[in-house]
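1. any chance you can model this:
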Amino acid sequence: MKLVAVAPRLGLALVFVLIAPFPGRAQVFHHPRDMGFGDSRFGIGNTAMFRFQLENGLPGFVVPDLTVPLIQLTAFVRAGRGDDDHQGVAEMLVAAMRRGPCWMGASGFRQAMNRMAATLEIHMTADLTEISFNVPAEHAEQGMRVFSGIIREPCLDREGLEAFRRPGGEGGGTPAFPPPGTGNEPGPLLRDGSLQLAVDLFHAKLFEGHRYDDVITEQDLTDLALDDVEDFHREFFTPTNMVLAVSGAFERRRILQQVDQRFADWEERRPPRLRNASRIETPPRQTLRYRAGKLQTWIVIGHELPRVNPRDIPVLQVMNYILGGGHFDTRLFREVRDKRGLANDASGFLEFNVRGPGSYTFRTYGRHEVAQQLIDIIYAEIDRMQNELVSEEELFVAKGALIDGDFAMRFENGVTTARTLAEEFVRYGTLDHLIRYPDRVDDVSAEDVRRAAQRYLDPERMVEVIMGR
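-> I've put the predicted structure just below:
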């Protein structure tokens, strides 16, 4: 049984539809208001049909999907790099899980992965860890065994610790960023400059000295002890502190038997005491300049985003969609590319954390000589968002794109559905916010957007990272 889609206004995520059947013919643009879409909204059906929970308290969501003969197994754990007491402990655990279950050995794990044509991805944020395992349906049983072993029995040994510490390893590879300067004096040159490196420099400065700081020093590596990693795994990787997402080409009863076989004997323990991280109060606006031997300049501007009530997230997303939400019709995109041709992109990025501060950044890049102009445009558009009401036209497009585009795509198939439900549940312990999301977006007003801009954006406390010539 599939989720119910209530006559979605298909295509609102694409702000305009271009019709040009033959070269040289006039381009005809149709606005979403003229496409005949009604006021209906994408709706979620009965999510209870996907939910399961083992006797030891392990919850999850299972969604069959016969589209392709694959199975995806994902575990979301309420723990991240901000939960360890010693820098590098959480990252060391991730490195150990990537080596496979201890009973297989690193080489045996690699051989099994190649034989099954399976893939493993592990992503850790400040307060959440995601382990995703993809395997062809014909290897479902063995894949489930390996997946449970990665989570329950990672190989924490001296060999893995030394590999983590080595230069180029997952711990020893932490970049040693040169100190910022005025941009004019001689100094270290970042020859591999890129936008991602500028983002890393921004986060390193923003979270410097905070629990969410993710820079691992040589002293951190020297002090790293296997006992600390084992304690971290024992405390946070428990049946009641994670949620499973299971999707793919299987028969529901059979896959649940396999889940039970591999996870039901896991000892039930009291959930760990999860700590909230402290606020960040960024100082008055500061500019960090880094030299880069490239033909353009990369710019990241932003500040911390305090813990946001889930009810406020839809308003922020509507605001960011209009201002810089990563598509071709944002205010920033029109100003820097359509009107002036200064850059290929300028976008805003909201990064939320559940138990501590996140960040709100604006990112762009262009020729050295237009860098200051790009910065000025970002600040001018922030000012306009704070002091003027957005138009009804902008609200109409943003709401349609978020509800019938972005939100609907989160339930596009079995994989996205299971992951969406599991991640929401591990974050908030309920699906209420997810179910109410379309209505909350639809209720956002122009005044709500202005108030959000005034509350969550402060140009006087921005951290500016400028990486260029």
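
2. longest helix anywhere in this structure?
-> In terms of residue count, the longest helix belonging to the chain (DSSP state H) is helix 371-387.

3. state the mean pLDDT of stretch 304-322.
-> The average pLDDT within stretch 304-322 is 96.

4. what's the helix or strand encompassing Tyr321 packed up against?
-> Using DSSP states H and E, Tyr321 falls within helix 313-324. Applying 3 or more CB pairs under 8 Å, 6 or more residues apart in numbering; DSSP states H and E, we find helix 313-324 packed against helix 331-333, strand 346-351, helix 371-387, helix 392-401, helix 432-442, helix 446-456. All C-beta atoms are positioned from the backbone trio N, CA, C, and that covers glycine.

5. so for Asp127, which of the ones you listed sits nearest?
-> Closest approach to Asp127 among these (CB to CB): strand 346-351, 11.9 Å.

6. output the contacting helices and strands for that closest one.
-> When contacts are defined as 3+ CB pairs under 8 Å, 6+ apart, strand 346-351 sits against strand 297-305, helix 313-324, helix 331-333, strand 358-366, helix 371-387.

7. chain center to that strand, what's the gap?
-> 12 Å (CA atoms, centre = their mean, to the nearest Å).

8. kindly report the same for stretch 319-332.
-> 18 Å.

9. begin at 819 from now on, thanks
-> From this message on, residue numbering opens at 819, which makes the last subject stretch 1137-1150.

10. pull it out as PDB, backbone CA atoms only.
-> The C-alpha coordinates for stretch 1137-1150 follow below in PDB (Å, rounded to 0.1, in the frame of the first residue of the first chain):
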ATOM      1  CA  MET A1137      12.200  32.800   3.400                       C
ATOM      2  CA  ASN A1138      15.400  31.100   2.200                       C
ATOM      3  CA  TYR A1139      13.600  29.700  -0.900                       C
ATOM      4  CA  ILE A1140      12.800  33.300  -1.900                       C
ATOM      5  CA  LEU A1141      16.200  34.800  -0.900                       C
ATOM      6  CA  GLY A1142      18.700  32.200  -1.900                       C
ATOM      7  CA  GLY A1143      17.300  28.700  -1.900                       C
ATOM      8  CA  GLY A1144      19.400  27.000  -4.500                       C
ATOM      9  CA  HIS A1145      17.300  27.300  -7.600                       C
ATOM     10  CA  PHE A1146      17.200  29.600 -10.700                       C
ATOM     11  CA  ASP A1147      14.700  32.200  -9.500                       C
ATOM     12  CA  THR A1148      15.900  33.400  -6.100                       C
ATOM     13  CA  ARG A1149      16.500  37.000  -5.400                       C
ATOM     14  CA  LEU A1150      20.300  36.400  -5.100                       C
END
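
11. check which residues of it are buried.
-> 1137-1143, 1145, 1147-1150 (16 or more other CB atoms under 10 Å).

12. try stretch 868-888
-> Quick answer for stretch 868-888 (16+ other CB under 10 Å): 868, 870, 872, 875-883, 888.

13. so the residue nearest the centre of the chain bridges to which residues?
-> Centre of the chain computed as the mean C-alpha position; nearest residue by CA atoms, centre = their mean is Glu1169, 7.1 Å away. Beta bridges link Glu1169 to Ser1177, judged by DSSP bridges.

14. contacts for the helix holding Tyr1139?
-> Helix 1131-1142 is contacted from outside by 1126, 1143, 1145, 1148-1151, 1164-1166, 1168, 1170, 1180, 1199-1200, 1203, 1208, 1212-1213, 1216-1217, 1219-1220, 1251, 1255, 1258-1259, 1262, 1266-1267, 1270-1271, 1274, using CB atoms under 8 Å, 6 or more residues apart in numbering.

15. drop anything exposed from those.
-> Taking 16+ other CB under 10 Å as the criterion, what is buried in those is 1126, 1143, 1145, 1148-1151, 1164-1166, 1168, 1170, 1180, 1199-1200, 1203, 1208, 1212-1213, 1216-1217, 1219-1220, 1251, 1255, 1258-1259, 1262, 1266-1267, 1270-1271, 1274.

16. re the thing from before, can you redo the helices and strands packed on strand 1164-1169 as CSV with distance to Pro972?
-> Listed next are the helices and strands packed on strand 1164-1169 as CSV, based on distance: least, CB to CB, whole Å:
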stretch, distance to Pro972
strand 1115-1123, 32
helix 1131-1142, 33
helix 1149-1151, 43
strand 1176-1184, 28
helix 1189-1205, 43
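
17. out of these, which gets nearest to Leu1074?
-> Proximity to Leu1074 (CB to CB) singles out helix 1131-1142 among those, at 32.3 Å.

18. compute the inter-axis angle for that closest one and helix 1264-1274.
-> 90 degrees (axes from the mean of the first three to the mean of the last three CA atoms, to 10 degrees).

19. run the chain-centre distance for helix 1131-1142.
-> From the chain centre to the centre of helix 1131-1142 is a distance of 16 Å (CA atoms, centre = their mean).

20. what do you get for stretch 1198-1216?
-> On CA atoms, centre = their mean, the centre of stretch 1198-1216 falls 25 Å from the chain's centre.

21. that older thread, what's the farthest-apart pair in the buried residues of stretch 868-888?
-> The widest separation within those (CB to CB) is 28.4 Å, between Gly875 and Leu888.

22. how far away is Tyr1199 from Arg1093?
-> Not Tyr; residue 1199 is Glu. 37 Å (CB to CB, to the nearest Å).

23. now swap in Ser1012 and tell me
-> Distance from Ser1012 to Arg1093, by CB to CB: 34 Å.

24. would you confirm that Tyr1274 contacts Tyr1178?
-> Yes - if you go by CB atoms under 8 Å, Tyr1274 and Tyr1178 touch, sitting 6.6 Å apart.

25. mind listing the shared neighbours of those two?
-> Leu1123.

26. contacting residues around Glu1085?
-> Counting by CB under 8 Å, 6+ apart, the residues that Glu1085 touches are 874, 1057.

27. SS state for it?
-> coil (DSSP: H, G, I helix; E, B strand; the rest coil).

28. per-residue pLDDT, it?
-> pLDDT at Glu1085 comes out at 92.

29. gap between it and Leu1168?
-> 38 Å.

30. with His1145 instead?
-> 14 Å.

31. what of Met942?
-> Met942 is 19 Å from Leu1168, by CB to CB.

32. residues near Leu946, how many?
-> Counted by other CB atoms under 10 Å, the residues lying close to Leu946 total 21.

33. how about Asp1032?
-> Neighbour count of Asp1032, defined by other CB under 10 Å: 20.

34. what of Arg1245?
-> Residues lying near Arg1245 (other CB under 10 Å) number 20.

35. with Gln890 instead?
-> Gln890: 21 neighbours (other CB under 10 Å).

36. SS state for it?
-> strand.
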